[in-house]
Structure formats: C-alpha cells, structure tokens
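> mind folding the following:
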Amino acid sequence: MTTQTTSIYLLSNEQDARWGLTVSTVGYQHIAPGDPYPPKGHPQEYSFQTGRGRVLDEYQFVYISHGRGIFESRNFGSTEVTEGDMFLLFPDEWHNYHPDEKTGWDEYWIGFKGTNIDNRVANGFFQVHEPLFHVGLNEDIVRLYRNAITIAQEQGIGYQQMLGGVANMLQGYSFALNRHNSFEDEQIAAAMHRAKVIMTEKFSQKIGPVDVAAAIGMGYSKFRRLFKEYTGYAPLQYLQELRLQRSKQLLASTDLGLKEIADLVGYDNADYFSTAFKKKNHISPTNYRKVR
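Residues are numbered from 1 along each chain as shown. Okay, here's the model as predicted:
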C-alpha cells in the first residue's frame, strides 16, 4: 500500500478560544516502507525536511499505531519510537521525526493550543524534556483520532468545542496510560497495592509510612518514591487523607467527641486532629458537624 494522507486544517475564532482549547489540525498518514517523508501537500507552516526539523507555534500529539521510526527534540534528545508510542510537540521547541525506511509507519496527529494545555504544562503534567508517552496499542485512542477526523471533515455547529473535548481526552489517555505502563513490573505494582491495603485497614492504629514500608519489605526511601509515582500521594499524605475522610464520616453520623474521633482515626490528640482537619477542609471539625 502506498502513502495515504488525510490532513485537515481548521480555523477558530475568539469565542472558540474562550472555550480553553482550539484545534488547528488533525489527520492520519500511512507511510509505506521506502516512501518519502513527509509527504507533500502540507501548508508551509507545517511542512519540514527531516534533515532540518521544524518549530511550531502550537502543541501536537502524534500517535504511532504501526511501524517504527525516530523522534528527537531540543530538550529531550533522540530516541526510537515504535507502535504504541505517542509524543507531544511543544510550541517553540525544535523537533524532528520520521519513520524507518524499512517499516514505514502509520501516524495520527492533532494540533491544538489554549489555556487548558498551558495550565497543564505549567503544573507539570506535561514537560518539554519528557515528551514521549508509552501508551501501547489502544483501540480507544485510535477511535478518538478517527472521531476527530470525522468531526473536522463535517465541521458542524460547535465542532471546535467537540474537537477540544477529543484533544482533552487524548491528553488524559496519554498521561494515565503512560503512568500505568511505567509500573509494568508486577511485583512493584503488587507491593504498592499491598501498601494501600495496609494503610486502609490500619490507619486507625497510628501506623506511619516507615511501618508500611517495613510491612511490604521495602526500604523507606524507595517505598516513598514509588508510592508517590504510583498514587500521586506521598505515603504520609495518603494516610492523612484516609484519616480525614473517616473523621468526616464520624462527625456527620455520630455524637462522638473530638478526642474520641481523633483516637479512632489514628491521631495522637484532638488538637492535632483539629488543626489537620481545618487545614484540609477550611473549616473546623466542630463547625463541620454543625453544617452537616
């Protein structure tokens, strides 16, 4: 099969921009082994030569569903990419990529900009020095890209908002699946799950993160690092969340005093419990009980 390309370039207005995300391009390319890359026909601002690379003024998520090739960027360096990989192109960041001549590849892309993605980058969810996402071959991701192509071709009422939703979904998939696949080591995943079970069952017993690490047979420094990567919480923060969640239930459903509740959820004293509760919920335990 020779090269096949579906490339769509879109306009957006000020109202679209206020939605938080606008999509400028979406498409698909099948590059057969040995075919030139990139194919001709792209607008000047998107075209590039693989020997020179390019710089865009938008973000693009590129997904490789078949074949392999090379991706490189200024802040990341160079690496092989293969089917099941996604990479994020950042605005004002030099990059270059191309398929292996022996395999070719199938690629999907969507280009976008807006406050939604800017905020996620500012908050560290996406970083210019970590643009590669190992999400695996995923039917849902392919379906999202194909749905975006259909929406872009039809350009019905509200199509920019619909495409913005697709772009947001793809961002969520890339972040979540990459995080999940980084824990393919089943022993590590099982250890983190075991730690969560121990905390859930024993948080009322005043256990601490060091106790949990010992219970799963792991050094504390390693446990703390892996647990935060796996759950998004530091171990002590996770215990705190469990304790405060249970304390809210007790405040709402019982007449127990603050000292009794503090003891039941694993705090050393009522003052410490009250301080932690107010810091988390912006209301004292006593006032929380009154409004429930």
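> so where do the strands sit in this protein?
Shown for the chain, the strands assigned by DSSP state E span residues 4-9, 22-31, 59-73, 77-82, 85-89, 95-99, 105-113, 132-134.
> can I get those strands in CSV with mean pLDDT and distance to K248?
Quick note: C-beta positions are derived from backbone N, CA and C, even for glycine. Putting these into CSV (pLDDT from 0 to 100; distance: least, CB to CB, whole Å) gives the following:
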stretch, mean pLDDT, distance to K248
strand 4-9, 88, 49
strand 22-31, 95, 40
strand 59-73, 96, 39
strand 77-82, 96, 46
strand 85-89, 96, 38
strand 95-99, 96, 47
strand 105-113, 96, 39
strand 132-134, 93, 36
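> looking at the ones you listed, which is closest to T286?
With CB to CB, the closest approach to T286 among those belongs to strand 132-134: 46.6 Å.
> name the helices or strands packed onto that closest one?
strand 85-89, helix 159-181 (3 or more CB pairs under 8 Å, 6 or more residues apart in numbering; DSSP states H and E).
> adjacent strands (with direction) for it?
strand 85-89 (antiparallel) (DSSP bridges).
> any chance of a markdown table for the strands of the chain, columns mean neighbour count?
Listed next are the strands of the chain as a markdown table, based on neighbours: other CB atoms under 10 Å:
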| stretch | mean neighbour count |
| --- | --- |
| strand 4-9 | 15 |
| strand 22-31 | 23 |
| strand 59-73 | 20 |
| strand 77-82 | 14 |
| strand 85-89 | 23 |
| strand 95-99 | 21 |
| strand 105-113 | 22 |
| strand 132-134 | 18 |
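> in stretch 35-44, what counts as buried?
Along stretch 35-44, these residues count as buried under the neighbour rule (16 or more other CB atoms under 10 Å): 37-38, 42.
> how about stretch 153-161?
Result for stretch 153-161 [16+ other CB under 10 Å]: buried residues 159-161.
> can I get it in CSV? Just the C-alpha atoms.
Below are the C-alpha coordinates for stretch 153-161, written out as CSV (Å, rounded to 0.1, in the frame of the first residue of the first chain):
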residue,chain,number,x,y,z
GLN,A,153,-14.4,17.0,8.0
GLU,A,154,-18.0,17.7,8.7
GLN,A,155,-17.4,21.0,10.7
GLY,A,156,-20.9,21.1,12.1
ILE,A,157,-22.1,23.6,14.8
GLY,A,158,-19.7,23.6,17.8
TYR,A,159,-17.1,21.5,16.0
GLN,A,160,-14.3,23.3,17.7
GLN,A,161,-15.7,22.5,21.2
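> which residues are in contact with that stretch?
8, 10, 12, 16, 19, 22-23, 151-152 (CB atoms under 8 Å, 6 or more residues apart in numbering).
> ok, back up a step: can you put the strands of the chain in CSV and add distance to Y233?
What follows is the strands of the chain, written out as CSV (distance: least, CB to CB, whole Å):
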stretch, distance to Y233
strand 4-9, 41
strand 22-31, 33
strand 59-73, 27
strand 77-82, 30
strand 85-89, 25
strand 95-99, 33
strand 105-113, 30
strand 132-134, 22
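> quick one: closest of these to G51.
strand 95-99 (8.2 Å).
> what sits up against that closest one?
Applying CB under 8 Å, 6+ apart, the contact partners of strand 95-99 are 31, 37-38, 48, 50, 52-56, 62, 67-74, 81, 87, 89, 105, 107, 131.
> returning to that earlier point: and the furthest pair within the contacts of stretch 153-161?
I8 and W19 (18.7 Å).
> any regions of the stretch 151-292 of the chain where pLDDT drops low?
Scanning the stretch 151-292 of the chain with the threshold set as pLDDT under 70 gives 182-186.
> now render the contacts of stretch 153-161 as CSV, adding distance to Y238.
Conversion of these to CSV gives the following (distance: CB to CB, whole Å):
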residue, distance to Y238
I8, 44
L10, 43
S12, 41
D16, 40
W19, 35
T22, 37
V23, 37
I151, 40
A152, 42
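> which of these lies closest to V210?
W19 (47.2 Å).
> hmm, the closest one is touching G165, no?
No: with contact defined as CB atoms under 8 Å, W19 does not count as touching G165 (9.4 Å).
> hmm, back to that, can you tell me which of the strands of the chain is nearest to L236?
strand 132-134 (29.3 Å).
> what lies in contact with the closest one?
With CB under 8 Å, 6+ apart, strand 132-134 has contacts from 71, 76, 79, 81, 84-88, 174-175, 177-178, 181-182.
> what's the answer for stretch 20-28, then?
With CB under 8 Å, 6+ apart as the test, stretch 20-28 has contacts from 4-10, 12, 16, 46, 58, 60, 106-117, 145-146, 148-149, 152, 160, 163-164, 166-168.
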